[in-house]
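Trainee: Provided below are the primary sequence and the corresponding predicted coordinates.
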Amino acid sequence: MTLPAHHPMVDGRTSNSDLITALRGGTPRRTPVWFMRQAGRSLPEYRELREGTTMLDSCLNPAMASEITLQPVRRHKVDAAIFFSDIVIPLRLAGIGVDIVPGVGPVLSEPVRTAEQVAALPELTDESLEPIREAVALTVAELGSTPLIGFAGAPYTVAAYMVEGKPSRDHLGPRTMMHAEPEVWKALMDWAADASGKFLRAQVEAGASAAQLFDSWAGSLPLADYQQHVAPASVRTLDHVRDLGVPLVHFGTGTGELLTAMRDVGVDAVGIDYRIPLDVAAQRLGDTVSLQGNIDPALLFAPWPVLEAHVREVARRGEAARGHVMNLGHGVPPNTDPEVLSKVVELIHSL
Ligand code: CP3
């Protein structure tokens, strides 16, 4: 299937935007910038709108999810919107008991640890994704020529929450399971790959112009485990959207040793965290992919001249890449001063 004629990538609204051009390795008019977690707690207008509504309920209210997605675009003049949702939304839509506990993160009412539990996982239906399609459609109707980025959690990061039942530092549960019970692990990863893949496809079909796969916790894995037990499922997730032809981005943290393997799942751009300079990443990855990143979020709290020098340095190192989309090296911290983010956008656009 191809995208419908009124899709922003088909009717020309976003196909030549700076974001899409940079992701594909062309020459944008100016370096595009957006921030992971740009929608959220750093914005007073977000906190006001969210009041009295749980995180996941706000994601499933199309008008609210759309408004929250648009807030940072209006305020910061970033070059892309990122869809306001969460990597565990496909689990909730499939009927799995999951909540986001404020200050903690995703928590499941029953962790998924046995072969029986994996075999009994409910399928994510196409109808259940309707609130997602509706929120995306409302959003792109307002965005004009600014592209919307759709996203999903990569199977490993999603499965890490499913097996642990909550956030974890060392991910012992999933890392044990892939070796102790490789068939159960594979079945769980295939389930997560299809759930995330369907979630991503719903967003792209409804109007997203690019798609980002978040494998935030992949950095906890040795390269061999990543290649054998994780990468095939990430390929499977992206196989759900490849025929739609929008640029694909792959991001994780602590992934210096995994960068080429993450490129090789088949993407147009790799997101680089704050630990690796962009020119070093470009050297490792070659010129078949663009890079996204990697302002250190810690520097958002430094005096402006220090932050400005850092942003200029990131821009300079980014010139080594085939294409560069400016971003942070991980998400916006909740206590960030939003005025600083607006100023960073202005600076990048002036370079
Ligand atoms: O602006 C955006 O980036 C769009 C929205 C977005 C959210 N989550 C909203 C959210 C995106 C892209 C995500 C992805 C996500 N969710 C990831 C991958 C990216 C990353 O940060 O590594 C992960 C690991 C999750 C799981 C998750 N959801 C965590 C760890 C948390 C934080 C828990 C906390 O309170 O500190 C969440 C909750 C969450 N997702 C919030 C937001 C805005 C905060 C909820 C709130 O406002 O109370």
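Mentor: Nice, I can see it.
Trainee: who touches Met189 in this structure?
Mentor: 155-156, 159, 229-230, 232-233 (CB atoms under 8 Å, 6 or more residues apart in numbering). Every residue, glycine included, has its C-beta placed from N, CA and C.
Trainee: For those, work out which two are farthest apart.
Mentor: Ala159 and Pro232 (13.0 Å; CB to CB).
Trainee: wait, is Gly150 part of a strand?
Mentor: Yes. Remark: Gly150 belongs to a strand, assigned using DSSP: H, G, I helix; E, B strand; the rest coil.
Trainee: and the gap between it and the ligand?
Mentor: Remark: distance between Gly150 and the ligand (CB to the nearest ligand atom, to the nearest Å) = 10 Å.
Trainee: repeat for Trp34
Mentor: From Trp34 to the ligand the distance is 9 Å (CB to the nearest ligand atom).
Trainee: cool, Asn294 as well?
Mentor: Applying CB to the nearest ligand atom to Asn294 and the ligand gives a distance of 14 Å.
Trainee: What strands line up against whatever helix or strand that residue lives in, and which way round?
Mentor: Per DSSP states H and E, Asn294 falls inside strand 290-295. Note on strand 290-295: by DSSP bridges, its sheet partners are strand 269-271 (parallel), strand 324-328 (parallel).
Trainee: Now tabulate those strands in a markdown table and tack on mean neighbour count and distance to the ligand.
Mentor: Putting the strands paired with strand 290-295 into a markdown table (neighbours: other CB atoms under 10 Å; distance: least, CB to the nearest ligand atom, whole Å) gives the following:
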| stretch | mean neighbour count | distance to the ligand |
| --- | --- | --- |
| strand 269-271 | 27 | 10 |
| strand 324-328 | 28 | 10 |
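Trainee: now those strands in a markdown table, with mean pLDDT and distance to Thr255?
Mentor: Formatted as a markdown table, those follow (pLDDT from 0 to 100; distance: least, CB to CB, whole Å):
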| stretch | mean pLDDT | distance to Thr255 |
| --- | --- | --- |
| strand 269-271 | 98 | 9 |
| strand 324-328 | 98 | 15 |
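Trainee: right, and these - which one's nearest Arg29?
Mentor: Of the strands paired with strand 290-295, nearest to Arg29 by CB to CB is strand 324-328, at 13.5 Å.
Trainee: Contacts for the closest one, please.
Mentor: 19, 22-23, 31-36, 249, 269, 271, 274, 278, 290-297, 300, 311, 314-315, 318, 348.
Trainee: what about the residue of the chain most remote from its centre, which helix or strand?
Mentor: Distance to the chain centre peaks in the chain at Glu116, reaching 30.5 Å (criterion: CA atoms, centre = their mean). Using DSSP H and E, Glu116 falls within helix 115-119.
Trainee: Report the distance from the next helix-or-strand element following that helix to the chain centre.
Mentor: Where DSSP H and E defines the elements, the next helix or strand beyond helix 115-119 is helix 130-143. On the basis of CA atoms, centre = their mean, to the nearest Å, helix 130-143 sits 17 Å off its chain's mean C-alpha point.
Trainee: Show the average pLDDT along helix 130-143.
Mentor: Across helix 130-143, the average pLDDT comes to 98.
Trainee: so what secondary structure elements neighbour it?
Mentor: Helices and strands touching helix 130-143, by 3 or more CB pairs under 8 Å, 6 or more residues apart in numbering; DSSP states H and E, are helix 62-76, strand 148-153, helix 182-206.
Trainee: Tell me which of the ones you listed is the most buried.
Mentor: With neighbours taken as mean count of other CB atoms under 10 Å, these reach their highest mean count in strand 148-153, at a mean of 26.
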